[in-house]
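>>> model the structure of this input:
(one chain, ligands or ions: 1)
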Amino acid sequence: MIKVENFDLTPLNTFRMKARCACFVEYGSVAELEAMDWDSLPKPIRHIGEGSNLLLTGDFRGTILHSGIKTIKYLDMGLGDVPVMVGSGVHWDDFVEQVCGYGLWGAENLSLIPGETGAAAVQNIGAYGVEIGDIISGVTCYDLHARKRVKFSREECGYGYRDSFFKQTGGRFIVTGVLIRLSRIPRMRLEYKGLKEIFADKAPAGPMDVRRAVIDIRRSKLPDPAELGSAGSFFKNPVVSAADFARIIDISKRDFGEDVHIPHFVQPDGCIKVPAAWMIERCGLKGAVQGGAAVYEKQPLVIVNASGSASADDVLALEQRVIDAVRDRFGVTLSPEVEHLG
Ligand code: EPU
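Sure thing, here's the model as predicted:
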């Protein structure tokens, strides 16, 4: 176990916000969590992964926990389904690269997503038509209230769009392991427009082909956190009712002409997901600058630390500008996807 007081969180958040926490604890096993002297730690207690979906809005007066559980256990290397127990501290994309290398299907569309496996299971990361909740069979946790180990089935995890039971329970459950169900039998998910085009003439030979295609798409659209600070998509894509979508169509025809095309995705319940990127672009905010922060030119759903020294206030002001502009034009209130902590 590593315990450091007055810890600098700047290298632990991909937005590269400058902030410290009163105490930082990295544990290497569930046994270390069980043996922890919780009462002595500064409160509140929060858990982070690699800080890749996080906006630090200031110094944190409590304790930041971080998982150092990095085990990957293949529970059955049979001919069909392959269950794998992945430690919460495993860098998600290392895992994806490994399983694609073994020819196992299921995780390839989630290639190159920054962050660790535990945080991925909390946020229900998603990309290119797949969410991690689709391939999770169960999650093991440490319950901070009852101070004991607990297990949750996939159903109990309550997965929704960038949402889970863990997000609703205020950090009570520390995810320690994620049971992922992969398959030797191809289970391709190629509906996303960019992937469909790439594999229109020739189906992928294995999951590594899909992984390479996903990596190419991501690199062409999203900033590399090693080069430009960001936390990926800053906002969630709003899901609106059919009546609200009809209103968005009217507004768009009025403002952009009768032949305007609004990208949208009808959900199983009849509601409609409208890309926030499209609305932000239509508000003229692509590339908008606020102090050191900016709306990313190639993908306006992302806010970047353009100067390298943007403050949290710059980012918060830009967040508000985007929310106000989209609400004023389309009557839709965007919600941040990035977690705020400070
Ligand atoms: N669009 C524009 N202008 C742009 C970019 C996009 O109008 O400059 C429109 C286009 O119509 C495009 C649509 O927005 O078809 C969707 O864009 P994209 O496919 O890039 O996806 P997104 O909705 O912006 C979501 C996820 C991403 C994920 C991609 C691919 C959220 C909040 N974001 O973005 O996840 O990689 O789909 O599946 O759902 C993340 O969570 O950090 C993240 C990067």
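>>> quick check: Val99 touching Ala107?
Yes: using Cβ atoms under 8 Å, Val99 makes contact with Ala107 at a distance of 5.5 Å. All C-beta atoms are positioned from the backbone trio N, CA, C, and that covers glycine.
>>> mind listing the shared neighbours of those two?
Shared contacts of Val99 and Ala107, defined by Cβ atoms under 8 Å, 6 or more residues apart in numbering, are found at 182, 207.
>>> the more surrounded of those two?
The neighbour count for Val99 versus Ala107, taken as other Cβ atoms under 10 Å, is higher for Ala107 (27 against 24).
>>> pretty sure that one is touching Ile135, no?
Yes: using Cβ under 8 Å, Ala107 is in contact with Ile135, at 6.3 Å.
>>> does Ala146 count as helix, strand or coil?
coil (DSSP: H, G, I helix; E, B strand; the rest coil).
>>> count of residues packed around it?
Neighbour tally, Ala146, other Cβ under 10 Å: 10.
>>> against the ligand, how distant is it?
32 Å (Cβ to the nearest ligand atom, to the nearest Å).
>>> with Ile248 instead?
Taking Cβ to the nearest ligand atom, one finds Ile248 at 13 Å from the ligand.
>>> Val99 too?
19 Å.
>>> check contacts around Ile64.
7, 9, 21, 23-25, 46-48.
>>> in helices only, show me those.
Using DSSP state H, the subset of these located in helices is empty.
>>> out of the residues you listed, which two sit at the greatest distance?
Phe7 and His47 (14.2 Å; Cβ to Cβ).
>>> pLDDT on the helix or strand where Leu182 lies, on average?
Using DSSP states H and E, Leu182 maps to strand 173-183. The pLDDT scores in strand 173-183 average 98.
>>> let's see it as PDB, backbone CA atoms only.
Provided in PDB are the C-alpha atoms of strand 173-183 (Å, rounded to 0.1, in the frame of the first residue of the first chain):
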ATOM      1  CA  PHE A 173     -18.800   0.600  -3.500                       C
ATOM      2  CA  ILE A 174     -15.100   0.400  -4.600                       C
ATOM      3  CA  VAL A 175     -14.900  -1.800  -7.700                       C
ATOM      4  CA  THR A 176     -12.000  -4.300  -7.200                       C
ATOM      5  CA  GLY A 177     -12.600  -6.700 -10.200                       C
ATOM      6  CA  VAL A 178     -14.700  -6.800 -13.300                       C
ATOM      7  CA  LEU A 179     -15.800 -10.100 -14.900                       C
ATOM      8  CA  ILE A 180     -15.700  -9.700 -18.600                       C
ATOM      9  CA  ARG A 181     -17.300 -12.200 -21.000                       C
ATOM     10  CA  LEU A 182     -15.500 -12.600 -24.300                       C
ATOM     11  CA  SER A 183     -16.000 -15.100 -27.100                       C
END
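>>> name the next helix or strand downstream of that strand, please.
helix 193-198.
>>> can you name the residues in contact with that following helix?
109, 128-129, 189-190, 210, 213-214, 217.
>>> that one and the ligand in contact?
No: Helix 193-198 lies out of reach of the ligand by Cβ under 6 Å from any ligand atom, never closer than 6.6 Å.
>>> what about that helix, average pLDDT?
95.
>>> please renumber so the chain begins at 18
Taking 18 as the first residue, the last one we looked at is helix 210-215.
>>> helix or strand right after it?
helix 224-238.
>>> what's the nearest residue to Leu58 if we skip its chain neighbours?
Distances taken as Cβ to Cβ, 6 or more residues apart in numbering place Thr80 nearest to Leu58, at 4.4 Å, with adjacent residues excluded.
>>> sec struct for that neighbour, please.
strand.
>>> state the distance from it to Gly104.
21 Å (Cβ to Cβ, to the nearest Å).
>>> give the buried residues for stretch 249-258.
By neighbour count with 16 or more other Cβ atoms under 10 Å, stretch 249-258 contains the buried residues 249-257.
>>> for stretch 151-162, same thing?
So for stretch 151-162, counting by 16+ other Cβ under 10 Å, buried means 151-159, 161.
>>> just checking, which of these belong to helices?
Per DSSP H, the subset of the buried residues of stretch 151-162 in helices is empty.
>>> of the residues you listed, closest to the ligand?
Asp151 (13.0 Å; Cβ to the nearest ligand atom).
>>> pLDDT score for the closest one?
Reading off the model, Asp151 has pLDDT 98.
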